[in-house]
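Asks: Sequence first, then the predicted structure:
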Amino acid sequence: MMPNPDDPGAAWKSLLLRHETILAVLVVAELLYFNTAGPRFGTADNVFNILRHSVEIGLLALAMTPVILTGGIDLSVGSLLGLCAIFFGKLWRDAGAPIPVAAVCTLGVGALAGGLNALLIAGLRLPPLIVTLGAYSLFRGLAEAITGGVDTFTNFPAAFLHLGQESTFGLPAQLWLFVAVTAGIWLLVHRTTFGRSFRAIGFAPEGARYAGIPVGRRLAMVYVLAGITAALAAIIYTSRLGQAKADAGMGYELFAITAVVLGGTSIFGGTGTVHGTLLGVAAIAVLNNGLVHIRQPRELAGLLTGALLLIALSVSVLSKLFSDRRGRRAARTPRAVAQ
């Protein structure tokens, strides 16, 4: 039920009960707790550290949002990040390509990898879970094969390392790029007919086809976009660490999916917001960093992230069940009144 615009109390209640509002309160609670319990958590250096470490996962989560809105999933983004990092390093070191040329070619590899997923999912209508699980193994295996599992690319020029390790206009340099990508994806999802079509496809793919939406092309678009964004994340990752290796991005797909679902995007598709995803990224980033500052084992961060994912999935499933039940009751009410 929509809140009555003439009732300010109802409007405030609706705002306070929004998923994003509750998640924002959780993030603030995390900040307050870790700032009290952890030494140096609230310092400017640590805040910058959180921002720097959030960018790659944030980019993957942003790219994952349209994918999940359409009712799909992409388990391959983490391993694609690793493959693109290796490709970037090999182009620069072994092929002698300038950094800008290597970066553009790496984005092209990301687009091709996303296109492979798109071909199998949108073209052949194979299940996204199975396709991207296979791509997950394929991309990681290629990265291992190229490097032999041991080769690492290092000694990148200082101008390139500035992107991941230094500041620009008082903020981490990569944050400006992240803001630009965020703005682009937010506008795509929330202010274009493309974004509305993602939700329509997530709600009912066949209904979207009958409505004239080119479902195949839209699905292809979101998986190619995910591939390009994963490649961009690989470039930033390489710049931040100063090295590229085959295990880059290991487990990042879990963090990205958790951030999206935690941010309120339904795993069944059809509903969700980009700003909710950003809050999900913030909740995970603050949690991981805060646990380090209160000297908890790193394994606890993985455990809690998995728990957050299970809780978010459970909430998504329960919300869908309650929504379907209300819909069935509403459908039966007119017949009862007619009788």
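Replies: Ah, there it is. Because the structure is predicted, anything quoted here is derived from the model rather than measured.
Asks: Can you show me the strands along the stretch 151-300 of the chain?
Replies: 167-168, 171-172 (DSSP state E, counting those that start in this stretch).
Asks: Contacts for the last one, please.
Replies: Counting by Cβ atoms under 8 Å, 6 or more residues apart in numbering, the neighbours of strand 171-172 from elsewhere in the structure are 48, 51-52, 55, 166. C-betas here are computed from N, CA, C, even on glycine.
Asks: I'd like to know which of those residues is nearest to T265.
Replies: The nearest member of these to T265, counting by Cβ to Cβ, is V55 at 19.8 Å.
Asks: right, and the closest one touches Q174 too?
Replies: Yes - counting by Cβ atoms under 8 Å, V55 does reach Q174; the two are 4.9 Å apart.
Asks: Okay, buried residues for the host helix or strand of A61 please.
Replies: According to DSSP states H and E, A61 maps onto helix 44-69. Going by neighbour count (16 or more other Cβ atoms under 10 Å), the buried part of helix 44-69 is 46, 50-52, 54-69.
Asks: Can you tell me which helices and strands it packs against?
Replies: helix 77-93, strand 171-172, helix 173-191, helix 193-203, helix 215-241, helix 252-262, helix 274-293 (3 or more Cβ pairs under 8 Å, 6 or more residues apart in numbering; DSSP states H and E).
Asks: Tell me which of those sits nearest to A143.
Replies: Of all the helices and strands packed on helix 44-69, helix 77-93 sits nearest to A143, with 4.5 Å by Cβ to Cβ.
Asks: how many degrees apart are the closest one and helix 252-262 in direction?
Replies: Taking axes from the mean of the first three to the mean of the last three Cα atoms, to 10 degrees, one finds helix 77-93 and helix 252-262 inclined to each other by 130 degrees.
Asks: what is in contact with V55 and Q174 at once?
Replies: Common neighbours of V55 and Q174 (Cβ under 8 Å, 6+ apart) are 236, 240.
Asks: What would stretch 257-271 look like as PDB? C-alpha coordinates only.
Replies: This file holds the C-alpha atoms of stretch 257-271, laid out as PDB (Å, rounded to 0.1, in the frame of the first residue of the first chain):
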ATOM      1  CA  ILE A 257      26.500 -10.400  -4.200                       C
ATOM      2  CA  THR A 258      26.200  -9.900  -0.500                       C
ATOM      3  CA  ALA A 259      26.400  -6.100  -0.900                       C
ATOM      4  CA  VAL A 260      23.700  -6.100  -3.600                       C
ATOM      5  CA  VAL A 261      21.300  -8.400  -1.700                       C
ATOM      6  CA  LEU A 262      22.000  -6.800   1.600                       C
ATOM      7  CA  GLY A 263      21.200  -3.500  -0.100                       C
ATOM      8  CA  GLY A 264      17.700  -4.600  -0.800                       C
ATOM      9  CA  THR A 265      17.800  -5.900  -4.300                       C
ATOM     10  CA  SER A 266      15.700  -9.100  -4.500                       C
ATOM     11  CA  ILE A 267      17.600 -12.200  -5.500                       C
ATOM     12  CA  PHE A 268      14.500 -13.000  -7.600                       C
ATOM     13  CA  GLY A 269      14.800  -9.800  -9.600                       C
ATOM     14  CA  GLY A 270      12.500  -7.000 -10.200                       C
ATOM     15  CA  THR A 271      13.200  -4.700  -7.200                       C
END
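Asks: With that, I have no additional questions.
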